[in-house]
Each structure stands twice: as structure tokens, then as C-alpha cells.
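> below are the sequence and a predicted model for it; my questions follow.
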Amino acid sequence: MVTLSTFAGAPYPPSSVIAGIEWHWETYRSAATGSDLWPVTWAVDDNLYSAWGDGGGFGGTAQTGRVALGFARIEGPPQHFNGVNVNGGKDPENPATFPRFGKAGGLLACDGILYAWINRQDGRWPDVNQGLAWSTNKGRTWENSSWVFPKARDSFKPSTFLNCGREYADLPPQLEKFVYVYGIRQGDETNVYLCRVPTGRLRERAAFEFLAGLSGDQPRWSSKVENLKPIFTDSRGLGDLPTVIYNARLNRFVLTLFHKGPGQLGVFDAPAPWGPWTTIAYYEDWAGMGIEGHGLTCSFPAKWMSADGRECWCIFAAYGPGAKKGIQAHDRFNLVKAIFLLRSVNPGQKPPGGL
């Protein structure tokens, strides 16, 4: 079964590069029933790493092996992947660092280190502190930052990292030396924000810079978080976990974000991490899951992309009544093949609009 893209109600015009997406639902697989979230990154050992919440991870259930936050290694190709619980979960290689409190929004592999943005779960979402954690041993153990982005109305909550190839290696030259981070502001349900930090200084809160607007198509950065300006807006609402990957072959940054429900998925592209954004697809009933519940994360890991950048595999998570309908993706690791449909571009020619 193949489903194509829709665009009704989208906040941005159609993409001039990617005309839409074919979803090949006959390839759909799921695993790790009872565990959700599943952000993903591609590490130096050629494995994907991911994180889950409130379950036992691969081979576990909502109760068996249950931890607040666990980390997994995903080995092999998408058709025959093998999920291994590295930290926490059922039969883990190592005990859980976050057995009772913590949720990971986004992961990044960079310079041999795994990083994760952690909701410290020290309040009721979204009134929580947001901190950084890192692992220098491929997820076996984790250390928390001593600083946080504090809970307060309008406070910035960094959620996810830009991912670009294996070990953050495929950035365009103009963007090298910085890690880019996406997030929301507490109480703001329509905007996404962006900050950056030098690659070797992620553990230093003082090293972060915040996008304070554009001069033409060039970003203006500020050391003051209160100067943040949005880089993406959807007046119909948005979820908490914007995910952005760089598709190096197509020379496009691809942003995925649910506008609330599990079937309400938006997929967008841009020539730079801050936009300008255009629409690849915008759904209200993606995979037959409708509007009841929550869409959580959706990503296209670069490891599982074809050489031409068109064929990819989507890892996603959804929760709630709607997610129990359609393909029944509720509260688990979900995987499906997708194909980006391109507009007229000559073979070997980079699409327009790149950096």
C-alpha cells in the first residue's frame, strides 16, 4: 500500500525541490511495545542510537523492564534491524541511569560522544527543567549537566539536535564547527526556536548562542536567550519535539513535526537550518491515526537513506486513542519505508536553494 502527500492547511507553500512523499505501509514494522519517544542519531561505530520512555525497550513491555528513560543501540539494515538495550530496560547491557525520572527529546553523536536533551521531570510538563546529558562510552553510562534551561513561562526548552550523517559529519562547510539545537518556549504552542553551540563546547551553558532574527537570509546570533525569535510557525499548533535532519544528497534540511495528534504530521524542507521553510507534506489522518492523542517524534536517519537521497526509512512514535487506530502504532518503536518524490532535477545536479 502506497500513500502520497497532502498539503491542505499547511503553514508554508509547497517545496520547489521535494514534491511529496510515498509511504510504503506494506513495509511497516514495530517493536518495543510499551515504550515511546525514539529519537535517533548515527554514531561513529556505524550503529544508530535511540532512547525511549516509560517502558522496557526492545523485548520489554510497558511493565517488564520498565524505566523512565532508557537508551538502545540499533544494529543492521532497516529490513533486519536488531535493537539492543544498552542502558536500562529488559535484559540491559548496563543498569539504567534514569530509572525513575527523565525523558530524552533528541540525541546527537558528535566527536565520539553521545548527547541527549533531558526533561528532568521535576514538575508537570511543560513546567520542567531541561538539561543536557552525555555519554563517552556509547550509551553505557550517562552524566548530567550541572546547569539547566529553567522552568518558567516563556523559557526556552531545547529539545532536539540537527542530525546530519554519521557522527555529525555531513554539514555544509558554511555550518561546520557548530551544533544546532531546536526547541520551544514554555507556553508557546505555535513556534519553534533555534540555538547553536561550538561542537567542542556543548557542555558549557555560556557557549550557547540564540537566533535573534535574520538579516536578509543570514542569521543574527545573540548570547541572550531572551532575544530568541522563531524560525518556524504553525498557527494550528505544534508538538513538542521538532526533528531536523540534513539530507546531504538533496542538499535540504528536512523538519518533521506533529501538529498535535498522531495523524497530524507535517514534513517541511529548507536550504538552511533556519529556513525559509516549504511544505513537503501536511496530514490530518496520516496512517489512519487521526487527531486523538499525540504525535511524538518522526525522523529519517541518514544511515538508512539511499545514495541518491530519495529512499529512506522513517522511525516514529505516537501515543493515545488515535494511535491505536489505523496502523496501530501506539506506544512502541515504529518503522516504515518512504520515498521522496523530486521535482525536475537533472541527475547529478544539486537541487536549487542550497547553501
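Ah, there it is. Numbers count the residues shown, from 1 in each chain.

> which ones are touching the residue lying closest to Gly70 once chain neighbours are set aside?
Closest residue to Gly70 apart from its sequence neighbours, by CB to CB, 6 or more residues apart in numbering: Gly88 at 3.4 Å. C-beta here means a position set from N, CA and C on the backbone, and glycine is covered the same way. If you count contacts by CB atoms under 8 Å, 6 or more residues apart in numbering, Gly88 has them with 57, 65, 67, 69-71, 94-99.

> what subset of the residues you listed is buried?
Taking 16 or more other CB atoms under 10 Å as the criterion, what is buried in the contacts of Gly88 is 57, 65, 67, 69-71, 94, 96-98.

> would you check which pair of these lies furthest apart?
In terms of CB to CB, the buried ones among the contacts of Gly88 reach their longest pairwise distance at Gly65 and Thr97, which sit 14.6 Å apart.

> and the residue nearest to Gly70, what pLDDT?
The predicted structure scores Gly88 at 98 on the pLDDT scale.

> just to check, Val148 is in contact with Ala133?
No - with the criterion set as CB atoms under 8 Å, Val148 and Ala133 do not qualify as a contacting pair; they are 11.1 Å apart.

> what's the pLDDT at Ser5?
According to the model, Ser5 scores 78 on pLDDT.

> quick check: it touching Ile21?
Yes - if you go by CB under 8 Å, Ser5 and Ile21 touch, sitting 5.1 Å apart.

> mind listing the shared neighbours of the two?
267, 280-281, 341.

> restricted to helices, list those.
When DSSP state H is applied, these are split such that none fall in helices.

> quick one: which of the residues you listed is nearest Tyr319?
Using CB to CB as the measure, the one of the shared contacts of Ser5 and Ile21 that approaches Tyr319 most closely is Val267, at 19.4 Å.

> distance of the closest one relative to Gln328?
Shown here: Val267 relative to Gln328, a distance of 22 Å by CB to CB, to the nearest Å.

> between those two, which has more neighbouring residues?
For Val267 and Gln328, the more surrounded residue by other CB atoms under 10 Å is Val267, and the numbers stand at 26 against 15.

> what's the strand or helix carrying Ala109 packed up against?
Here Ala109 sits within strand 103-110, counting by DSSP states H and E. For strand 103-110, the elements it packs on are strand 36-42, strand 48-55, strand 67-75, strand 113-119, strand 156-163, strand 178-185, judged by 3 or more CB pairs under 8 Å, 6 or more residues apart in numbering; DSSP states H and E.

> if we use 7 Å, what do you get?
Packing contacts for strand 103-110, counted by 3 or more CB pairs under 7 Å, 6 or more residues apart in numbering; DSSP states H and E, involve strand 36-42, strand 48-55, strand 113-119, strand 156-163.

> show me how far it is from its chain's centre.
8 Å (CA atoms, centre = their mean, to the nearest Å).

> what lies in contact with it?
Surrounding strand 103-110, the residues in contact under the criterion CB atoms under 7 Å, 6 or more residues apart in numbering are 37, 39-44, 49-51, 53, 69, 114-119, 121, 159-161, 163, 167-168, 179, 199, 241.

> can we see that at 8 Å?
Around strand 103-110, the neighbours that count as contacts under CB under 8 Å, 6+ apart are 37, 39-44, 49-51, 53, 68-69, 71, 114-119, 121, 133, 158-163, 166-168, 179, 181-182, 199, 202, 240-241, 243.

> my read is that Gly83 contacts Gly76, right?
No - Gly83 lies out of contact with Gly76 (CB under 8 Å); the separation is 9.5 Å.

> and the two? which has more neighbours close in?
Each of Gly83 and Gly76 had its neighbours counted (other CB under 10 Å), and the higher figure belongs to Gly83 (20 against 12).

> which ones are touching that one?
31-32, 57-59, 72-75, 333.

> ok, and the most crowded of these?
Neighbour-wise, the contacts of Gly83 (other CB under 10 Å) top out at Gly57, 33 neighbours.

> disregarding residues adjacent in the polypeptide, which is nearest to it?
In space, Gly57 is closest to Gly89, 3.0 Å off (CB to CB, 6+ apart).

> now swap in Ser159 and tell me
Gly105 (4.0 Å).

> again with Val86
In this structure, Val86 finds its nearest non-sequential neighbour in Gly139, 4.2 Å apart by CB to CB, 6+ apart.

> I'd assumed Ser50 was in contact with that neighbour.
No - counting by CB under 8 Å, no contact exists between Gly139 and Ser50, whose distance comes to 9.5 Å.

> which neighbours do those two share?
Taking CB under 8 Å, 6+ apart as the contact criterion, the common neighbours of Gly139 and Ser50 are 71-72.

> give me the contact list for stretch 183-192.
Surrounding stretch 183-192, the residues in contact under the criterion CB under 8 Å, 6+ apart are 117, 126-127, 130, 151-160, 182, 193-195, 228, 230-238, 240, 242, 255, 257.

> all set, thanks.
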